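Chemist: Fold the stuff below for me.
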Amino acid sequence: MHSLQPNRRTTVITLLLVMIFALIELAMHRPVICPCGTIKFWWSAVQSAENSQHIADWYSFSHVIHGTLFYACAHILRQKSPLFQQKFCHWALAIAVMIEGIWELLENSPTMIDRYRSVTISYGYTGDSIVNSMADIGWMSLGFLLAARLPVRATVTMAVSFELFTLLVIRDNLTLNILMLIWPINAIRLWQGAI
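Modeler: Next up, the predicted model:
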């Protein structure tokens, strides 16, 4: 059975994809770094102009979970589709990067930025810096590669722990983020904003 690990060729193409997404965001006039003029590894203030501007923040945990979910989908495809197993299994990470990169482009579109502002606790959200978007792709890739190496139970435990941890600390996580974007519930928004 072929591995879902990238080979040398697909790794190079994956890195080229990341560069292409960075260039597209540049063409979208996204700021390269935080308008504050610095790049920090960690930023912890959720309700802040610097959230989603640096390398890591509370939402980086969600991007790691994206990677574990993409790996799970690729694993299921590998089990169910001989064509995927024979021809595309080494492309799984590149495909995940493509999906995550498209999400980053959508997330930083004016329509989605307005949606975040109107229905989530991200009242002053102005979109990600390019550094943050590319880091988000990197966090997703880390989640994918961890899922490829860890036992299923450890991967699930990690993802659930990240969801519970961020829920307790910032009253937000991947699950609530998706829920509030698709079907906003005012009671949840009020509870989230009570920090």
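
Chemist: what about the lowest-mean-pLDDT helix or strand in the chain, distance to the chain center?
Modeler: Among the helical and strand segments of the chain, the one scoring lowest on mean pLDDT, DSSP states H and E is helix 82-83, with a mean of 76. On the basis of Cα atoms, centre = their mean, to the nearest Å, helix 82-83 sits 28 Å off its chain's mean C-alpha point.

Chemist: Name all residues that make contact with Val18.
Modeler: Val97, Gly101, Met134, Ile137 (Cβ atoms under 8 Å, 6 or more residues apart in numbering). From N, CA and C alone the C-beta is placed, and that goes for glycine too.

Chemist: That should have said Trp58, apologies.
Modeler: Ser44, Val46, Thr166, Val169, Ile170, Asp172.

Chemist: Tell me how far Thr10 lies from Val131.
Modeler: Thr10 sits 24 Å away from Val131, taking Cβ to Cβ, to the nearest Å as the criterion.

Chemist: Please determine how far Leu164 is located from Ser133.
Modeler: 26 Å.

Chemist: Also Leu15?
Modeler: Taken as Cβ to Cβ, the span from Leu15 to Ser133 is 15 Å.

Chemist: and Val119, what is it in contact with?
Modeler: Val119 touches Met180, Leu181, Pro184, Arg189, counting by Cβ under 8 Å, 6+ apart.

Chemist: Could you rerun that using 6 Å?
Modeler: Met180, Pro184 (Cβ atoms under 6 Å, 6 or more residues apart in numbering).

Chemist: try Gly143
Modeler: Gly143 makes contact with Val64, Gly67, Thr68, according to Cβ under 6 Å, 6+ apart.

Chemist: Just the element for the nearest residue to the second one once chain neighbours are set aside, please.
Modeler: Pointing back at Gly67 there. Excluding its sequence neighbours, the residue lying closest to Gly67 (Cβ to Cβ, 6 or more residues apart in numbering) is Gly143, at 2.4 Å. Using DSSP states H and E, Gly143 sits in helix 130-149.

Chemist: CA-only coordinates of that helix, as PDB, when you get a sec.
Modeler: Provided in PDB are the C-alpha atoms of helix 130-149 (Å, rounded to 0.1, in the frame of the first residue of the first chain):
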ATOM      1  CA  ILE A 130       0.200  37.200   4.200                       C
ATOM      2  CA  VAL A 131       2.600  36.000   6.900                       C
ATOM      3  CA  ASN A 132      -0.300  34.700   8.900                       C
ATOM      4  CA  SER A 133      -2.000  33.100   5.900                       C
ATOM      5  CA  MET A 134       1.100  31.200   4.900                       C
ATOM      6  CA  ALA A 135       1.700  30.200   8.600                       C
ATOM      7  CA  ASP A 136      -1.900  28.900   8.700                       C
ATOM      8  CA  ILE A 137      -1.000  26.700   5.700                       C
ATOM      9  CA  GLY A 138       2.100  25.600   7.500                       C
ATOM     10  CA  TRP A 139       0.000  24.700  10.700                       C
ATOM     11  CA  MET A 140      -2.400  22.700   8.500                       C
ATOM     12  CA  SER A 141       0.600  20.900   7.000                       C
ATOM     13  CA  LEU A 142       1.900  20.100  10.500                       C
ATOM     14  CA  GLY A 143      -1.500  18.700  11.400                       C
ATOM     15  CA  PHE A 144      -1.500  16.500   8.200                       C
ATOM     16  CA  LEU A 145       2.100  15.200   8.900                       C
ATOM     17  CA  LEU A 146       1.300  14.500  12.500                       C
ATOM     18  CA  ALA A 147      -1.800  12.600  11.600                       C
ATOM     19  CA  ALA A 148       0.400  10.600   9.100                       C
ATOM     20  CA  ARG A 149       2.700   9.600  11.900                       C
END
